[in-house]
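Student: coords below, sequence missing:
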């Protein structure tokens, strides 16, 4: 024990230098082995997220363009107050969906229809039609059909505009 005390007393500066070098070495090793690779992984993930965001924006823009083209091709006019459409790129389903709402009163009664379909595949997802008279809020639909995932063999019937709107909403949001 006396030898150790004498050794430390005679070599205290050398021991401190060795301890400092050891701490610096461990810090440098930690930086290169743990910290730096973790930073690279985070940078890669951020780059992937940015790329995915850019891709989503392109898909949304393509969907909007195709929906507008389809709306016009179907004979609708953008300046017509009796019809409108809403498009949405459903990322979960990878589908460009469009809901078209139109009204017609040329027969003396107001006929309102709503249709949901996939613009790119041309699949119908649902149709709703109601003939309205004086009691606008109490009308039963003439037609209210829902085709989950665009499968007409799996038709489900609905009983109200609210039920159809709820069905449409689940497709028009991600």
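Tutor: Looks like it came in fine. Only a predicted model underlies this, so the values are computations on that prediction, with no experimental measurement involved.
Student: buried stuff in the lengthiest helix in the chain?
Tutor: Longest helix of the chain, by residue count under DSSP state H: helix 36-73. Using 16 or more other C-beta atoms under 10 Å as the test for burial, helix 36-73 gives 63, 64, 66, 67, 68, 70, 71. Using the backbone N, CA and C atoms, a C-beta is placed for each residue, glycine as well.
Student: what does stretch 149-159 give?
Tutor: Buried-residue list, stretch 149-159, by 16+ other C-beta under 10 Å: 150, 158.
Student: how about residues contacting it?
Tutor: Applying C-beta atoms under 8 Å, 6 or more residues apart in numbering, the contact partners of stretch 149-159 are 93, 117-118, 121, 123-125, 128, 140-141, 144-148, 164, 167.
Student: at 6 Å instead, please
Tutor: The contact list for stretch 149-159, computed with C-beta atoms under 6 Å, 6 or more residues apart in numbering, reads 118, 123, 125, 144, 145, 146, 147, 148, 164.
Student: again, but for stretch 85-100
Tutor: Contacts for stretch 85-100 (C-beta under 6 Å, 6+ apart): 59-60, 63-64, 66-67, 71, 115-116, 118-120, 168, 171-172, 174.
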